[in-house]
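Participant: Need a 3D model of the sequence below.
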Amino acid sequence: MQGTVDGFSYGVVTPVVAYVMACLGGALGLRCTTRSLLVAHSWRPGWLALGSAAIGSGIWTMHFVAMMGFTVKEAPIHYDKALTFASLAVAIVMVGIGIFIVGYRGATGTALFTGGTITGLGVASMHYLGMAGMRLRGTLEYNTLTVAASVAIAMAAATAALWAAAQVRGFLWSLGASLVMGLAVSGMHYTGMAALSVHLHGSGAAPPGDSPAEILAPMMIGPLAFLLLAGVIVMFDPLILMGGRHPDTRSTAKGAGPRRPYPFL
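Facilitator: Below you'll find the model as predicted:
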């Protein structure tokens, strides 16, 4: 028997909040990535790591905020903690690989393609691994073409976001890029959900795992707290909103002018 799937059980509330979280994580991550291109190499890994964690946390939080509104009418849904945590780790690690590639190789075609592909696959992997962590009396089935479309959206969005981060054109530029990134990540999520159908196995005992209220709400406290901390770090960096150059990018040699913000271009 096919289950009745509803991804909007709370109306527009969960999609809107999920989009805001994706935009927040994207904005912080892109500003950190931009900032990494304006500082000395000794500071760059820290900014890139912070940006990776911000984007990864943002898209993970977006996914599970959206999943709070997901129900199957005929069956309760529980979640496996290990896989749910693993999906967060996958998001941060794979986004980090893509961001570090662009952070050190620059906005070249090869770097953007490689970094965007890895980052996009990380977003998609986070989504489908998180879905694999669901426990219910049934089997999840996916339409292959729609899944492929969701992965393509994730890769295109990641590539565009990394390109925007490498432009170093100020706060408004990154803000616009984060809005587009949030839309693309949300679009990837709901495209992936559109590929889903649930084949129920019949009545029986409740599935193993924790209910959404028991696991998702407490687990989102950590990523949300981290995004708040990242926002504070970004806000208190004196030049980050203006996209200015950090003093330590200037050469200390006598008579030497400022270094180019992109020594690798």
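Participant: Spatially, what comes nearest to residue 66 if we skip its sequence neighbours?
Facilitator: Nearest residue to residue 66, sequence neighbours excluded (Cβ to Cβ, 6 or more residues apart in numbering): residue 18, at 4.1 Å. (C-beta placed from N, C-alpha, C; glycine too.)
Participant: What count of nearby residues applies to the one you found?
Facilitator: If you count neighbours by other Cβ atoms under 10 Å, residue 18 ends up with 25.
Participant: Am I right that it is in contact with residue 59?
Facilitator: No: contact criterion Cβ atoms under 8 Å: residue 18 and residue 59 do not qualify, at 9.7 Å.
Participant: anything in contact with each of these two?
Facilitator: Residues touching both residue 18 and residue 59 (Cβ atoms under 8 Å, 6 or more residues apart in numbering): none.
Participant: how about the strands of this protein, start to end?
Facilitator: 5-6, 71-72, 78-79, 134-135, 138-142, 196-200 (DSSP state E).
Participant: Now tell me what touches the first one from outside.
Facilitator: To tie it back to what came earlier, the one meant is strand 5-6. When contacts are defined by Cβ under 8 Å, 6+ apart, strand 5-6 is touched by residues 69, 70, 71, 72, 73, 196, 197, 198.
Participant: Tell me which of those has the lowest pLDDT.
Facilitator: Lowest pLDDT of those: residue 73, 85.
Participant: and the residue positioned nearest the centre of the chain, what is it in contact with?
Facilitator: Centroid check for the chain by Cα atoms, centre = their mean gives residue 59 as the closest residue, at 3.1 Å. If you count contacts by Cβ under 8 Å, 6+ apart, residue 59 has them with 22, 25, 26, 91, 95, 123, 126, 185.
Participant: Next: residue 90.
Facilitator: Applying Cβ under 8 Å, 6+ apart, the residues near residue 90 are 122, 125, 126, 129.
Participant: now with 6 Å?
Facilitator: 125, 126, 129 (Cβ atoms under 6 Å, 6 or more residues apart in numbering).
Participant: go on, residue 89?
Facilitator: By Cβ under 6 Å, 6+ apart, no residues touch residue 89.
Participant: likewise residue 74?
Facilitator: Going by Cβ under 6 Å, 6+ apart, residue 74 touches 3, 200.
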